[in-house]
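Q: Sequence and predicted model, in that order:
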Amino acid sequence: QAQLVESGGGLVQAGGSLRLSCAASGRTFSSYAVGWFRQAPGKERRFLAAIGWRGTTRSYADSVKGRFTISRDNAKNTVYLQMNSLKPEDTAVYYCAARPGLVVSTVGEYDYWGQGTQVTVSS
């Protein structure tokens, strides 16, 4: 079973940047697709980006396309989410998740989840 731990969240001003990390241990993480999601208070958890196990397949939600970049370093068992031009509406708890197989955007298709990291963007 894979264990995922997110880090890198915090407080940032609008227009700023953050890089989130998702560190994995346990199963063969390098063979898993990994996604990033976020959940704001009172709202559903939403897909942001996902990357295939080779790092060549990437998918983004329209809301973050051009501002967020997902990448991975399988040697370090880590997936990153670079977030630029942050907006107050990006404020949420950010989660990474992993699944064997293809990149998908559906919350329920991911098997393993981290505990989340808070991102707060001030105006």
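A: Thanks, I have it. Numbering: from 1, shown residues only.
Q: need the contact list for the residue positioned nearest the centre of the chain.
A: The structure's the chain has its C-alpha centroid closest to residue 36; by Cα atoms, centre = their mean the separation is 2.4 Å. Contacts here follow Cβ atoms under 8 Å, 6 or more residues apart in numbering; on that basis residue 36 touches 20, 22, 48-50, 68, 70, 79, 81, 94-97. Backbone N, C-alpha and C define where each C-beta goes, glycine included.
Q: farthest-separated two in these?
A: 68 and 97 (15.6 Å; Cβ to Cβ).
Q: If you count surrounding residues, which of the two has more?
A: Higher neighbour count among residue 68 and residue 97: residue 97, with 23 against 20, using other Cβ atoms under 10 Å.
Q: Please name the nearest non-neighbouring residue to that one.
A: Leaving aside its sequence neighbours, residue 97 sits nearest to residue 110 (Cβ to Cβ, 6 or more residues apart in numbering; 3.6 Å).
Q: Can you get me a residue count around the one you found?
A: Neighbours of residue 110 using other Cβ under 10 Å come to 22.
Q: wait, doesn't it sit right on residue 32?
A: No: here residue 110 lies out of contact with residue 32, judged by Cβ atoms under 8 Å, at a distance of 9.5 Å.
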